[in-house]
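> test case, fold it:
(one chain, ligands or ions: 1)
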Amino acid sequence: SAKLKFHTQTTAPEKSSSGRKVTIVGAGQVGMSIAFCFVNQSITSELALVDVMEDRLKGELMDLQHGLAFVHNVKICSGSDYALSANSKLCIVTAGAELREGESRLDLVQRNTEILKDIIPKLVEHSPDTILLIVSDPVDLLTYVAWKLSGLPKERVIGSGTNVDSARFRFLLSERFKVAPNSIHGWIIGEHGDTSVPVWSGVDVAGVRLRDLNPDAGMESDTENWNDIHKQVVQSAYEIIRLKGHTSWAMASSVATLTTAILKNTRNVHAVSTSVEGIHGVQHPVFLSVPCVLGESGITDIIQQTLTEDERSQFQKSAATLHEVQSNLVF
Ligand SMILES: COc1ncc(-c2ccc3c(Nc4cccc(C(=O)O)c4)c(C(N)=O)cnc3c2)c(OC)n1
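Take a look at the predicted model:
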């Protein structure tokens, strides 16, 4: 059969992986949006898609591969065998049960804990040096569960946390400031979702602090109602799910940025979920989002922000709630 003739130039064996291989577990809306983002932004040249639904995976693989002629090449493999994830620098976990009618978040976290009990040990078995990035919800609790199940050092178990919340915050601020979202510093920390904490004292554009323009910004007394923006951030996930059924694009762009920081060791600072024991007076081993420096070894440093008494107490209240739920988890 017709075969290209090579003048082979090296006797070196083909390397087991590029050192920047990424595995995505979960071929749902979020997992595949991340994969599509990776292929189009050339985030990595080696991608493994792992899930239990083999037919779905095969279709997604074929559809992604058929677009490779238009972008930088990516070696993509897929299947239900976790050996496909071997030698991954980063494993992104988007798998998980969807909230069912009448189910509470606690029920969901127990079901998803069961699922992580199957997934995490297999990922670590095939990539003992990997970094885990947990996206499944409730992300702060599931990142703690993944850390306990993996046995990895805490700097290598990261939750997507409030990275998307902070991006939504910066987008909504950009609509009022009339400048681009990536020109605005704005941090949402703590628990991803309902009880996240906006750090209003940290909102600035080119060093011009919102609190210097409006000392009441973020307070109930604020006549300009800046706090409505945080309320919109909390509501937006529910609103998007009501309107389109799920969220995907912002999370995919967020994960692509976090992955780039890790693969390229950029030391960019992102709001992601990490162990905050000893931070802002938290005594328990819980995972919440704070500004973290991301590099090739995972979370190398946490930026110590100065919080107001109110921000600090909100943060500690979230920590106490997560600690309570964690103590009821069976795994
Ligand atoms: C002990 O052996 C074993 N084997 C497989 C699983 C398991 C169960 C559900 C999984 C899973 N979720 C899933 C699969 C099927 C149904 C549901 C659901 O929400 O009903 C959720 C996913 C995913 N992509 O969301 C990915 N992997 C899974 C893996 C498992 O979970 C406890 N245990």
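
> tell me which stretches of the stretch 201-331 of the chain form helices.
Secondary structure of the stretch 201-331 of the chain by DSSP state H, counting those that start in this stretch: the helices cover 210-213, 227-244, 249-263, 309-328.

> residues in contact with the last one: which ones?
With contacts defined as C-beta atoms under 8 Å, 6 or more residues apart in numbering, helix 309-328 is touched by 106, 109, 140-141, 144, 189-191, 195, 197, 199, 201, 276, 280-282, 284, 286-288, 307. Every C-beta, even on glycine, is put in place using the N, C-alpha and C of the backbone.

> closest one to residue 60 among the helices of the stretch 201-331 of the chain?
Closest approach to residue 60 among the helices of the stretch 201-331 of the chain is made by helix 249-263 (13.8 Å; C-beta to C-beta).

> tabulate the CA atom coordinates of that closest one in PDB.
Taking Å, rounded to 0.1, in the frame of the first residue of the first chain, the C-alpha atoms of helix 249-263 are listed here in PDB:
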ATOM      1  CA  TRP A 249     -18.400  28.700  27.400                       C
ATOM      2  CA  ALA A 250     -17.000  30.800  30.300                       C
ATOM      3  CA  MET A 251     -15.900  27.700  32.200                       C
ATOM      4  CA  ALA A 252     -14.100  26.400  29.100                       C
ATOM      5  CA  SER A 253     -12.300  29.700  28.600                       C
ATOM      6  CA  SER A 254     -11.400  29.800  32.300                       C
ATOM      7  CA  VAL A 255     -10.000  26.300  32.300                       C
ATOM      8  CA  ALA A 256      -8.000  27.000  29.100                       C
ATOM      9  CA  THR A 257      -6.400  30.000  30.900                       C
ATOM     10  CA  LEU A 258      -5.700  28.000  34.100                       C
ATOM     11  CA  THR A 259      -4.200  25.200  32.000                       C
ATOM     12  CA  THR A 260      -1.900  27.600  30.100                       C
ATOM     13  CA  ALA A 261      -0.600  29.000  33.400                       C
ATOM     14  CA  ILE A 262       0.200  25.500  34.600                       C
ATOM     15  CA  LEU A 263       1.700  24.100  31.300                       C
END
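
> return the most buried member of the helices of the stretch 201-331 of the chain.
Among the helices of the stretch 201-331 of the chain, helix 249-263 has the highest mean neighbour count (mean count of other C-beta atoms under 10 Å), at a mean of 21.

> got a list of what the residue of the stretch 151-300 of the chain found nearest the ligand touches?
The nearest approach of the stretch 151-300 of the chain to the ligand comes at residue 246, 12.7 Å away (C-beta to the nearest ligand atom). Shown in contact with residue 246 (C-beta under 8 Å, 6+ apart): 28, 29, 30, 240.

> can you tell me which of the helices of the stretch 201-331 of the chain is nearest to residue 70?
Closest to residue 70 of those, according to C-beta to C-beta: helix 249-263, at 17.6 Å.

> ok and that closest one relative to helix 227-244, angle-wise?
Interaxial angle, helix 249-263 versus helix 227-244 (axes from the mean of the first three to the mean of the last three C-alpha atoms, to 10 degrees): 110 degrees.

> what packs against helix 249-263?
With contacts taken as 3 or more C-beta pairs under 8 Å, 6 or more residues apart in numbering; DSSP states H and E, helix 249-263 sits against helix 29-41, strand 90-93, strand 131-134, helix 163-177, strand 268-275, strand 287-295.

> ok, then the element right after the second one?
Meaning strand 90-93. helix 105-126 (DSSP states H and E).

> what comes up buried for that following helix?
Residues of helix 105-126 classed as buried: 108-110, 112-113, 115-116, 119-120, 122-124, 126 (neighbour count, 16 or more other C-beta atoms under 10 Å).

> go back to the residues you listed and keep what's next to the ligand.
Filtering the buried residues of helix 105-126 for proximity to the ligand by C-beta under 6 Å from any ligand atom leaves 115, 119.

> rewinding a little: redo the helices and strands packed on helix 249-263 as CSV? Include distance to residue 51, mean pLDDT and mean neighbour count.
CSV is the format used below for these (distance: least, C-beta to C-beta, whole Å; pLDDT from 0 to 100; neighbours: other C-beta atoms under 10 Å):
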stretch, distance to residue 51, mean pLDDT, mean neighbour count
helix 29-41, 7, 98, 22
strand 90-93, 11, 98, 27
strand 131-134, 16, 98, 28
helix 163-177, 22, 98, 21
strand 268-275, 23, 98, 23
strand 287-295, 24, 98, 25
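
> and this protein, which residues reach the ligand?
By the rule C-beta under 6 Å from any ligand atom, the part of the chain lying against the ligand is 26, 51, 52, 95, 96, 97, 98, 114, 115, 118, 119.

> look at the third one and give its secondary structure.
The three-state assignment at residue 52 reads coil, by DSSP: H, G, I helix; E, B strand; the rest coil.

> quick one on the thing from earlier: pLDDT wise, what is the residue of the stretch 151-300 of the chain closest to the ligand at?
Note for residue 246: predicted pLDDT of 90.

> point out where the stretch 101-250 of the chain drops to low pLDDT.
Applying pLDDT under 70 to the stretch 101-250 of the chain flags no residue at all.
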